[in-house]
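S.K.: attaching a predicted model along with its sequence, questions to come.
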Amino acid sequence: MTHSLPWLQPAQDFPPVDSTWGEQDPIPGLLAAGSTLDAEHLRQAYGQGIFPWFSEGQPVLWWSPNPRMVLNPAQFRLHRSLRKTLQKFRATPGCEIRIDSAFSTVMQHCAQTLRDGQSGTWIVQSIVDAYTELHMQGAAHSVETWVDGELVGGLYCVALGRAVFGESMFSRMTDASKIALSALVALCKAHDVPQIDCQQATAHLSFMGGHEIARSRFVQTVKKQSQLPDMQWKFAPVYWEQLLDPGADRPSAPASSPAAPA
């Protein structure tokens, strides 16, 4: 039976995710609506397996799909063509991965990228403002593909402790976004991150090794990983070995700072 959609007041907690609209409701996966979007609401939402997604002119819509699409770094499918691309990228002077050097620019490029089946962008100004605030607090990051000093692709994501949530990618050069995603996977493997949230199922993510899991399992992992110390958001070229030479001695990530006292 269809039930009403909660309208969140600014200081109100999110409803439990098991109250999300299901298959018998008008829009499966939709949890609540409201008018407030800021870094604090994003932290609370992601920590419970919830994310915002809406278009210009709509209220802030909060989602928690079931099942949930995730990419396990250990199960990332490095297909032959992408392997060759990464090997060439790693060996070519002027090609590098940077992290958090151009977060706002990455978001802008993601917002301007045309998507199949979409007439506009969901990365509206309020989304940009909220995630930029979260970035300034150290909980949102960009993974960037640079060639000869030019930003040619990348992605941005949210990270709470060692719970990582992918958001959006862009590419201005063939495979540039795939290179950035591969770098994120390698970084997560180095820090023992068990899953990267992909939110919605797509054929492209399935091709790369993504798969759906029950929301309850997803949320359980998020709660566990978000309590761990923050990972070091720096990319070392040796991390490519996580993907290109998995049989070699595993490169270790730099020691993380101790968790802040509660």
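M.R.: In hand now; what should we look at?
S.K.: leaving out the residues flanking it, which one is nearest to Glu212?
M.R.: Distances taken as CB to CB, 6 or more residues apart in numbering put Pro67 closest to Glu212, at 3.9 Å, once the chain neighbours are dropped. Where you see a C-beta, it was placed from the backbone N, CA and C, and this is true even at glycine.
S.K.: which parts of the stretch 1-150 of the chain are helices?
M.R.: Using DSSP state H, counting those that start in this stretch, the helices found in the stretch 1-150 of the chain span residues 39-46, 80-91, 103-112, 125-136.
S.K.: for those, which one sits closest to Leu243?
M.R.: helix 80-91 (6.7 Å; CB to CB).
S.K.: helices or strands next to the closest one in the packing?
M.R.: helix 176-190, helix 241-244 (3 or more CB pairs under 8 Å, 6 or more residues apart in numbering; DSSP states H and E).
S.K.: tell me what angle it forms with helix 176-190.
M.R.: 80 degrees (axes from the mean of the first three to the mean of the last three CA atoms, to 10 degrees).
S.K.: list the buried residues in helix 80-91.
M.R.: Leu82, Thr85, Leu86, Phe89 (16 or more other CB atoms under 10 Å).
S.K.: now what about that helix, what contacts it?
M.R.: Leu78, Cys95, Thr145, Asp175, Lys178, Ile179, Ser182, Pro237, Trp240, Leu243, Leu244 (CB atoms under 8 Å, 6 or more residues apart in numbering).
S.K.: save these as JSON lines, and put in neighbour count too.
M.R.: Formatted as JSON lines, the contacts of helix 80-91 follow (neighbours: other CB atoms under 10 Å):
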{"residue": "Leu78", "neighbour count": "16"}
{"residue": "Cys95", "neighbour count": "15"}
{"residue": "Thr145", "neighbour count": "30"}
{"residue": "Asp175", "neighbour count": "20"}
{"residue": "Lys178", "neighbour count": "21"}
{"residue": "Ile179", "neighbour count": "27"}
{"residue": "Ser182", "neighbour count": "27"}
{"residue": "Pro237", "neighbour count": "12"}
{"residue": "Trp240", "neighbour count": "19"}
{"residue": "Leu243", "neighbour count": "18"}
{"residue": "Leu244", "neighbour count": "15"}
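S.K.: determine which residue lies closest to the centroid of the chain.
M.R.: Gly166 (1.1 Å; CA atoms, centre = their mean).
S.K.: leaving out sequence neighbours, find the closest residue to that residue.
M.R.: Setting aside the residues directly before and after it, Gly166 is nearest to Cys157 in space (CB to CB, 6+ apart), at 5.0 Å.
S.K.: next one: Trp146
M.R.: Trp146's closest residue in space is Glu96 (CB to CB, 6+ apart), at 5.1 Å.
S.K.: same question, Gln227
M.R.: Gly161 is the one closest to Gln227 (CB to CB, 6+ apart), at 5.9 Å.
S.K.: could you report the pLDDT at that neighbour?
M.R.: Per-residue pLDDT puts Gly161 at 97.
S.K.: can you count the residues close to it?
M.R.: 20 (other CB atoms under 10 Å).
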